[in-house]
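Engineer: Next come a sequence and a model predicted from it.
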Amino acid sequence: MLFHSFVFLLFGALFFLLWPLMRKRNNSRWVYLTSASFLFYGWWRWEFLFLILVSGLIDFFAGLGMVRFPHRRKLLLLLSIVGNIGSLAIFKYLDFFVDNLNSLFGWDGPENQTARFGLLLPIGISFYTFQSMSYTIDIYRGKLKPTRNLFHFFAYLSLFPQLVAGPIIRAAHLLPQLTSWKPGTPEDRWNGLRLIAHGFFKKVVIADTLAGMIETAFSTAHPEHAGSYWWVIVSLFAFRIYCDFSGYSDIARGLARWMGYDFPKNFDHPYLAKSFREFWGRWHISLSTWFRDYVYIPLGGSRRGPVVGHRNMWITMVVSGFWHGAAWHFVIWGALHALYLNLERLTGWHERLGSGFVGRLVRSAVVLVLVWVAWVFFRAETFDQALFIISRMFDFSSFTLQGIKLVSKPALVALAIAVLREAYFYFGLDRWMPQNARLRVAMDPVVVALILAACVYLRGPGAAFIYFQF
């Protein structure tokens with residue numbers, strides 16, 4: 001069920017209509033949240049509800065078992081990890097390994113090759129498996145006590161606003177919120193509406209308008225396309241994936257506010273970063289902190305010296321790239337960011353440029369150029385296509401205005417809107433807003449109304465959220 005679909009509008013209206021009747025008692029609240037979330041998820045393919053049920057049941061009972069049978073803690077943790085990683089391996093990576101096995105041994109022809117399984121990837125599996133694993137890992141570490149109520153656990157694991165595309169919320173953050181209910185204040189409800197409005201704007205006005213031009217470009221890459229053309233196309237993709245993904249997170253956070261819960265911020269204007277460490281502190285924050293806490297630090301972090309620290313960082317970033325998709329170009333994307341972080345640690349180039357206005361601009365430009373190069377590998381259909389596009393991007397003799405004219409006007413307008421939104425915060429223009437409280441209160445509804453009107457009248461062709469497939 002998509003947030004920007006008519007069926008979700010009906011679902012959401014019915015959910016919040018009944019919510020005041022269900023939210024006051026723990027059991028009725030948890031049963032209601034779980035039932036609504038399962039309906040939300042099963043609307044696409046009800047068969048995959050069995051997958052989230054099995055994964056959740058393994059972790060629920062593993063958590064209880066760690067307390068009751070402490071001498072079996074490691075075995076139960078292993079069961080949880082194998083169950084979650086195993087489901088990912090089967091549904092997400094099985095055909096990837098089959099294809100690489102066939103390629104490695106030079107098998108060609110259907111009579112020699114191992115057959116692909118062609119399993120349909122369940123939406124949200126990469127998110128809820130990580131969320132479920134963090135529950136058992138934190139219990140194992142003694143940072144969390146398991147819940148003894150099955151519906152309490154599934155209300156946490158399957159809560160519909162963040163179920164299929166995050167943010168990845170830790171049990172220690174959400175489970176306590178679910179044990180009680182506090183009526184939201186008018187400010188909470190208004191802030192929720194603002195988040196939802198901005199999220200829909202980023203998704204349907206910017207991301208969906210950019211989508212068609214990007215698909216056309218990557219499906220029909222020609223040698224005659226100028227370098228200027230590809231810089232614009234990659235910029236379209238960079239802002240499409242940002243607005244699409246952060247838009248989903250904003251909507252999820254806004255819906256949670258209406259329910260009386262708080263979801264952590266998942267994006268914080270990543271393209272304003274002036275170093276790669278800062279970029280990863282701003283991009284998909286719930287995932288980057290997940291890998292930090294459950295991969296990088298358990299490997300030893302940088303405690304064993306710089307060499308081991310760099311190794312652990314490479315492992316973490318490459319695994320993060322592989323999490324995004326079962327293809328080598330995702331691994332290369334992760335490896336590129338590992339290289340960027342590696343060079344940043346070794347050279348301290350971002351600090352050498354200084355913190356003055358010019359230094360900040362140069363640092364931002366360097367980060368954006370290299371992030372754009374990495375995005376090419378993330379989006380390209382093949383490795384060879386990515387190399388071709390990058391070669392054109394840095395062939396400065398091919399820069400022509402004609403290349404830019406090949407990009408559709410709606411896409412250029414949507415890109416300009418996205419860039420101006422980020423420039424507004426980069427240059428601190430938000431600090432120039434009227435300081436008079438009454439004036440700000442009066443302006444806020446007008447701004448939100450204009451945003452909602454734009455979502456209705458300026459929306460692009462509908463498209464699924466990008467991260468549904470990860």
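Structural biologist: Perfect, I can see it now.

Engineer: For Gly118, what are phi and psi?
Structural biologist: Gly118 adopts backbone torsions of phi 60, psi 40, taken as degrees, to the nearest 10.

Engineer: how many other residues sit next to it?
Structural biologist: Burial of Gly118 is recorded as 8 neighbouring residues (other C-beta atoms under 10 Å). In this view, the C-beta of every residue, glycine as well, is placed from N, C-alpha and C.

Engineer: and the gap between it and Asp95?
Structural biologist: The spacing between Gly118 and Asp95, counted by C-beta to C-beta, to the nearest Å, is 7 Å.

Engineer: what's the answer for Val448, then?
Structural biologist: 45 Å.

Engineer: what's the answer for Ile125, then?
Structural biologist: Separation of Ile125 from Asp95 (C-beta to C-beta): 15 Å.

Engineer: neighbour-wise, which of those two wins?
Structural biologist: Just comparing Ile125 and Asp95: by other C-beta under 10 Å the higher neighbour count belongs to Ile125, 21 against 16.

Engineer: per-residue pLDDT, the more buried one?
Structural biologist: On pLDDT, Ile125 comes in at 90.

Engineer: Looks like it contacts Ile90 (just checking).
Structural biologist: No. At 10.0 Å, Ile125 does not count as touching Ile90 under the criterion of C-beta atoms under 8 Å.

Engineer: roughly how far out does stretch 461-470 sit from the chain middle?
Structural biologist: Between the centre of stretch 461-470 and the centre of its chain there are 11 Å (C-alpha atoms, centre = their mean, to the nearest Å).

Engineer: Check stretch 248-256 too.
Structural biologist: Relative to its parent chain, stretch 248-256 has a centroid offset of 13 Å by C-alpha atoms, centre = their mean.

Engineer: residues in contact with that stretch?
Structural biologist: For stretch 248-256, contacts defined as C-beta atoms under 8 Å, 6 or more residues apart in numbering pick out 3, 12, 159, 161-162, 165-167, 191-200, 202-203, 262-263, 265-267, 465, 467.

Engineer: Show me which residues of the least confident helix or strand in the chain by mean pLDDT are buried.
Structural biologist: Between all helices and strands in the chain, the lowest mean by mean pLDDT, DSSP states H and E belongs to helix 401-405, at a mean of 80. Judged by neighbour count using 16 or more other C-beta atoms under 10 Å, the buried positions of helix 401-405 are Gly403.

Engineer: cool, and stretch 289-297?
Structural biologist: Thr289, Trp290, Phe291, Arg292, Tyr294, Tyr296.

Engineer: mean confidence score for it?
Structural biologist: The model assigns stretch 289-297 a mean pLDDT of 95.

Engineer: Between the two ends of it, what distance do you get?
Structural biologist: 10 Å (C-alpha to C-alpha, to the nearest Å).

Engineer: Could you identify the helix or strand that succeeds the one helix or strand His310 maps to?
Structural biologist: According to DSSP states H and E, His310 maps onto helix 306-324. Heading C-terminal from helix 306-324, the first helix or strand you meet, by DSSP H and E, is helix 328-347.

Engineer: For that following helix, list every residue counted as buried.
Structural biologist: 328-338, 340-342, 344.

Engineer: Measure how that helix sits relative to helix 306-324, angle-wise.
Structural biologist: Taking axes from the mean of the first three to the mean of the last three C-alpha atoms, to 10 degrees, one finds helix 328-347 and helix 306-324 inclined to each other by 150 degrees.

Engineer: contacting residues for the nearest residue to Phe399 once chain neighbours are set aside?
Structural biologist: Spatial nearest neighbour of Phe399, chain neighbours left out: Ser228 (4.5 Å); criterion: C-beta to C-beta, 6 or more residues apart in numbering. Applying C-beta under 8 Å, 6+ apart, we find Ser228 in contact with Ser398, Phe399, Thr400, Leu401, Gly403, Ile404.

Engineer: just Asn149 next, same as before
Structural biologist: Asn26, Asn27, Trp30.

Engineer: The last one: neighbouring residues, count only.
Structural biologist: It stands for Trp30. Number of residues near Trp30 (other C-beta under 10 Å) recorded here: 22.

Engineer: Leaving out the residues flanking it, which one is nearest to it?
Structural biologist: That would be Phe151: by C-beta to C-beta, 6+ apart, it lies 3.8 Å from Trp30.

Engineer: do the second one as well
Structural biologist: For Asn27, ignoring the flanking residues on the chain, the nearest one in space by C-beta to C-beta, 6+ apart is Phe151 at 6.9 Å.

Engineer: Retrieve the pLDDT associated with the one you found.
Structural biologist: Reading off the model, Phe151 has pLDDT 96.

Engineer: and if you look at Val98?
Structural biologist: 85.

Engineer: Kindly report the same for Glu224.
Structural biologist: Among the per-residue scores, Glu224 shows a pLDDT of 69.

Engineer: The one 4 residues further on now?
Structural biologist: Ser228 carries a pLDDT value of 89.

Engineer: For the helix or strand it falls within, what is the distance to the chain centroid?
Structural biologist: Here Ser228 sits within helix 227-259, counting by DSSP H and E. Helix 227-259 has its C-alpha centroid displaced from the chain centroid by 9 Å (C-alpha atoms, centre = their mean).

Engineer: show me the contacts for Phe16.
Structural biologist: Phe16 makes contact with Trp258, according to C-beta under 8 Å, 6+ apart.

Engineer: Over the helix or strand containing it, what's the mean pLDDT, rounded is fine.
Structural biologist: Here Phe16 sits within helix 6-22, counting by DSSP H and E. Helix 6-22 shows a mean pLDDT of 91.

Engineer: Can you list the buried residues in that helix?
Structural biologist: Within helix 6-22, the residues that count as buried by 16+ other C-beta under 10 Å are Phe8, Phe11, Gly12, Phe15, Trp19, Met22.

Engineer: repeat for stretch 173-190
Structural biologist: His173, Leu174, Leu175, Gln177, Leu178, Trp181, Gly184, Asp188, Trp190.

Engineer: For the residue lying closest to the second one once chain neighbours are set aside, grab the count of nearby residues.
Structural biologist: This means Leu174. Leaving out its chain neighbours, the residue that sits closest to Leu174 by C-beta to C-beta, 6+ apart is Tyr156, at 5.2 Å. Applying other C-beta under 10 Å, we find 25 residues neighbouring Tyr156.

Engineer: CA atoms only: put stretch 95-107 into CSV for me.
Structural biologist: C-alpha atoms of stretch 95-107 as CSV (Å, rounded to 0.1, in the frame of the first residue of the first chain):
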residue,chain,number,x,y,z
ASP,A,95,19.9,-15.4,-7.8
PHE,A,96,22.9,-13.1,-7.4
PHE,A,97,25.0,-15.9,-6.1
VAL,A,98,23.6,-18.3,-8.8
ASP,A,99,24.5,-15.8,-11.5
ASN,A,100,28.0,-15.3,-10.1
LEU,A,101,28.5,-19.1,-9.7
ASN,A,102,27.6,-19.6,-13.4
SER,A,103,29.9,-16.8,-14.4
LEU,A,104,32.8,-18.0,-12.2
PHE,A,105,32.9,-21.4,-13.6
GLY,A,106,32.2,-20.3,-17.2
TRP,A,107,29.0,-22.2,-17.5
